[in-house]
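**Q** Here is my input, please return the structure:
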Amino acid sequence: MKSKSLEGKGILITRPRLQAAHLASEIESRSGRVILCPAIDLIELPDKAVNSVTTYDAIIFVSPTSVEIGWKKVKHLIEDSRTVSIAAAGPATANKVLKEGSNVLFPDGQGGARALIEVLRSQLDLSTSNVLVVNGEGGDRSLEKLLQYEGAKVQTFACYRRLDIRDSRQLENSNQLASGLDAWIITSRRSIGNILAQFEGQEIKLTAIPLFVNHSAIADEAFIRGVRTVFVCQDAGNEMIRSIEDWFVSSKLDY
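**A** Prediction:
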């Protein structure tokens, strides 16, 4: 049985609804109030053929979503090759790959494109490698650019699309906000501008409320946009929940 460490605390989750379930469940199990307010929606793109003529030296998944949606679409490329290396941009993505039963290369810590390149350099000759990047349409292309700089031949396979949610209609339909907001969660830089746009003109000022993120780059963006207090967590799961609990415990002690 979970504690009541978050009893009465209103916590805003801005993840897409399909990805918010774990955080929501953990918060509610600690008697917290969950306010679901997605800043981005994810839509699976129609199936399209992956270039299977090329023999890939590495297949890289850039996010947990790219594994959840893209794995089944490129699985045949993995099964047909005994030499292809599977890589992930960070630990959370790597965990998704491991659950699929595959070994995976990934950087320690927060991960990211540059850290992943360092890992790949130690395993592959990138200057002669064919690499497939499984990602979302319209996402950050820094990984592809770094791979090309190393001399790799890069192809991308977009398996989902991100849709920005910037209007305040879902806030107007949320009765939970009437009881107050004590913390909020962001797991992508792109979401920050969207959620701040949703709250524009609202009585609640998000920038004054503690924010919990899963990467320092997101924290940097939040500070630029005027958020006063940001906590960087190792992941967007159990570590984030522990950080939120610790914050409220320390707040009580300070009080």
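**Q** what's in contact with stretch 155-167?
**A** For stretch 155-167, contacts defined as CB atoms under 8 Å, 6 or more residues apart in numbering pick out 38-45, 50-51, 54, 65-66, 69-70, 73-74, 130-139, 144, 190, 193-194, 197-198. Glycine gets a C-beta too; all of them are placed from N, C-alpha and C.
**Q** again with stretch 21-34
**A** Here stretch 21-34 has contacts from 2-11, 13, 15, 36, 176, 179, 185, 236-238, 240-241, 244-245, using CB under 8 Å, 6+ apart.
**Q** Stretch 216-228 too?
**A** With CB under 8 Å, 6+ apart, stretch 216-228 has contacts from 110, 112, 186-189, 192-193, 196, 206-208, 211, 213, 230, 232.
**Q** Output that stretch as PDB, restricted to C-alpha atoms.
**A** Provided in PDB are the C-alpha atoms of stretch 216-228 (Å, rounded to 0.1, in the frame of the first residue of the first chain):
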ATOM      1  CA  SER A 216      18.500  19.500 -18.200                       C
ATOM      2  CA  ALA A 217      17.800  20.900 -21.700                       C
ATOM      3  CA  ILE A 218      14.100  21.100 -20.700                       C
ATOM      4  CA  ALA A 219      15.000  22.900 -17.500                       C
ATOM      5  CA  ASP A 220      17.100  25.400 -19.500                       C
ATOM      6  CA  GLU A 221      14.100  26.200 -21.700                       C
ATOM      7  CA  ALA A 222      11.800  26.500 -18.700                       C
ATOM      8  CA  PHE A 223      14.200  29.000 -17.100                       C
ATOM      9  CA  ILE A 224      14.400  31.000 -20.300                       C
ATOM     10  CA  ARG A 225      10.600  31.200 -20.300                       C
ATOM     11  CA  GLY A 226      10.500  32.500 -16.700                       C
ATOM     12  CA  VAL A 227       9.800  29.400 -14.600                       C
ATOM     13  CA  ARG A 228      11.300  30.100 -11.200                       C
END
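**Q** quick one on the thing from earlier: ok, of the contacts of stretch 155-167, which come out buried?
**A** 38-40, 42, 50, 65-66, 69-70, 73-74, 130-136, 139, 144, 190, 194, 198 (16 or more other CB atoms under 10 Å).
**Q** Keep only those of these that are in strands.
**A** Counted as lying in strands by DSSP state E, out of these, are 40, 42, 130-136.
**Q** Dump those residues to CSV, plus pLDDT and distance to S102.
**A** Below are those laid out as CSV (pLDDT from 0 to 100; distance: CB to CB, whole Å):
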residue, pLDDT, distance to S102
I40, 92, 27
L42, 90, 23
N130, 95, 18
V131, 96, 16
L132, 96, 14
V133, 96, 16
V134, 96, 13
N135, 94, 18
G136, 91, 20
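**Q** Secondary structure element holding the residue nearest to R30 when sequence neighbours are not counted?
**A** What sits nearest to R30 in space, not counting adjacent residues and going by CB to CB, 6 or more residues apart in numbering, is L6, at 4.1 Å. If you go by DSSP states H and E, L6 is not part of any helix or strand.
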